[in-house]
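Participant: can't give you the sequence, but here's the structure:
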C-alpha cells in the first residue's frame, strides 16, 4: 500500500510490445519500487496489470497479478474483453495456477451491463441481473449455495433500487420454497 510515508521512484513503469506492423500488442505495468520513509526500506508495489491487444490495437483482455509481502505471486486474474473493451469473462487463479473462480458478463444492445454470473470453486454461485426502467438502473442479485454433490442447498434473492440501496431480500430453500422476505427502507 502506498501512503504518505512512501516515495514512488520516478521510473518508467510501463513496458510496451509492438507487432511487425508497429501495432501495440501488449502493454504491461511493471511493479514499481517504493521506499518507506519511516524505516528506510525498499519494496515493490503489490500489483501488476498486463493488457493484451489485437493487431489493430483494440483491447482483447488483461491479466492482473497480486503479490504478498514477500514479493511472491499470491494470485492472478485473467480477463477477456469484447470488441468494445467490456469484460466478458474473468478467471481467478491462485499462485499455482489452480482456478479459484470465474465470472461471466453479459451486455444489452446499448452496451450496458445486463448481468453477471460469478462462480466460486467452493461451490457458491452468484448471479446479478440489471434491468432498466425509464432510464433508471434497477438490480437483482441471486446467491446460490450448493452441497458437495452439486445439489442446491438454499439461495437468496436481493433487490436494489436505482441508487444501489438494498430494498428487499428473499430466502429460499433448495427446492424453491420461500422461507422469508425482509424489506429495507
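Facilitator: That came through fine. As the structure is a computational prediction, the values presented were derived from the model and not from experiment.

Participant: how's this structure carved up into domains?
Facilitator: Segmentation of the chain into domains, based on automatic domain parsing, reads 1-107, 108-185.

Participant: mind checking how far residue 146 is from residue 100?
Facilitator: Taking C-beta to C-beta, to the nearest Å as the measure, residue 146 falls 16 Å from residue 100. For every residue, glycine as well, the C-beta is placed using N, CA and C.

Participant: any stretches of the protein with poor pLDDT?
Facilitator: Scanning the chain for pLDDT under 70 picks out 1-47, 123, 129-138.

Participant: buried set for stretch 55-73?
Facilitator: 59-65, 67 (16 or more other C-beta atoms under 10 Å).

Participant: could you do stretch 158-167 as well?
Facilitator: 158-160.

Participant: which single one of the residues you listed is nearest to residue 182?
Facilitator: residue 158 (9.9 Å; C-beta to C-beta).

Participant: the closest one and residue 165 touch, don't they?
Facilitator: No. Using C-beta atoms under 8 Å as the test, residue 158 is too far from residue 165 to be in contact (10.9 Å).

Participant: re the thing from before, okay, the buried residues of stretch 158-167 in TSV with distance to residue 86 and secondary structure next?
Facilitator: Shown next, in TSV, are those (distance: C-beta to C-beta, whole Å; DSSP: H, G, I helix; E, B strand; the rest coil):
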residue	distance to residue 86	secondary structure
158	23	strand
159	24	strand
160	21	strand
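
Participant: closest to residue 151 among those?
Facilitator: Distance to residue 151, by C-beta to C-beta, is smallest for residue 158 among those, at 22.2 Å.

Participant: how about the nearest residue to the closest one, chain neighbours excluded?
Facilitator: residue 141 (4.3 Å; C-beta to C-beta, 6 or more residues apart in numbering).

Participant: who does the one you found bridge with?
Facilitator: Note on residue 141: beta-bridge partners by DSSP bridges are residue 128, residue 158.

Participant: look at it and say how many residues are nearby.
Facilitator: Using other C-beta atoms under 10 Å, residue 141 has 19 neighbouring residues.

Participant: element containing the closest residue to residue 108 other than its chain neighbours, please.
Facilitator: Nearest non-adjacent residue to residue 108, counting by C-beta to C-beta, 6+ apart: residue 114, 4.6 Å away. Per DSSP states H and E, residue 114 falls inside strand 113-120.

Participant: list the contacts of the residue nearest to residue 158.
Facilitator: 126-129, 157-160 (C-beta atoms under 8 Å, 6 or more residues apart in numbering).
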